[in-house]
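Trainee: Based on what follows, work out the 3D shape:
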Amino acid sequence: MRKGTVNFHRHLARWLDLPPDVTADVPRIQMVGSYQVMVENHRGVDFFSDSEILLKVDGGKIQIRGEKLTIRSIFPEEIRIEGHIVEMRFTE
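Mentor: Numbering: from 1, shown residues only. The predicted structure is shown next:
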């Protein structure tokens, strides 16, 4: 997303008193313990193994590392990953 568009979405969210993830294309991550993670606004899977998953997102990638990782469901805007999640990080 272009910088001007990102700034517009931030200002719009602030003006309407909305959370930034509602108006911008930023990833939204929900974790349930260390065994499930749901990522909204992803742009696809870049790499997958049972110990590491790389998700493409605007501005970079999300790296998820763990044991016995599986993709339980995947949709154009949401992915659910299960397994023993050890580490999660953003990379550019």
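
Trainee: What segments of the chain are strands?
Mentor: With strands called from DSSP state E, the chain shows them at 28-32, 36-40, 45-48, 52-57, 60-74, 78-91.

Trainee: Compile those strands into JSON lines and extend it with columns for mean pLDDT, mean neighbour count and distance to residue 12.
Mentor: Quick note: C-beta positions are derived from backbone N, CA and C, even for glycine. Converted to JSON lines, the strands of the chain look like this (pLDDT from 0 to 100; neighbours: other Cβ atoms under 10 Å; distance: least, Cβ to Cβ, whole Å):
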{"stretch": "strand 28-32", "mean pLDDT": "94", "mean neighbour count": "14", "distance to residue 12": "17"}
{"stretch": "strand 36-40", "mean pLDDT": "97", "mean neighbour count": "18", "distance to residue 12": "19"}
{"stretch": "strand 45-48", "mean pLDDT": "97", "mean neighbour count": "14", "distance to residue 12": "30"}
{"stretch": "strand 52-57", "mean pLDDT": "97", "mean neighbour count": "19", "distance to residue 12": "20"}
{"stretch": "strand 60-74", "mean pLDDT": "97", "mean neighbour count": "15", "distance to residue 12": "23"}
{"stretch": "strand 78-91", "mean pLDDT": "97", "mean neighbour count": "16", "distance to residue 12": "23"}
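
Trainee: Columns distance to residue 16 on top of the ones you listed, output as a markdown table?
Mentor: Output for the strands of the chain, formatted as a markdown table (distance: least, Cβ to Cβ, whole Å):
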| stretch | distance to residue 16 |
| --- | --- |
| strand 28-32 | 17 |
| strand 36-40 | 19 |
| strand 45-48 | 33 |
| strand 52-57 | 24 |
| strand 60-74 | 27 |
| strand 78-91 | 23 |
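
Trainee: Leaving out chain neighbours, which residue sits closest to residue 81?
Mentor: Closest residue in space to residue 81, ignoring its immediate chain neighbours: residue 37 at 5.0 Å, by Cβ to Cβ, 6 or more residues apart in numbering.
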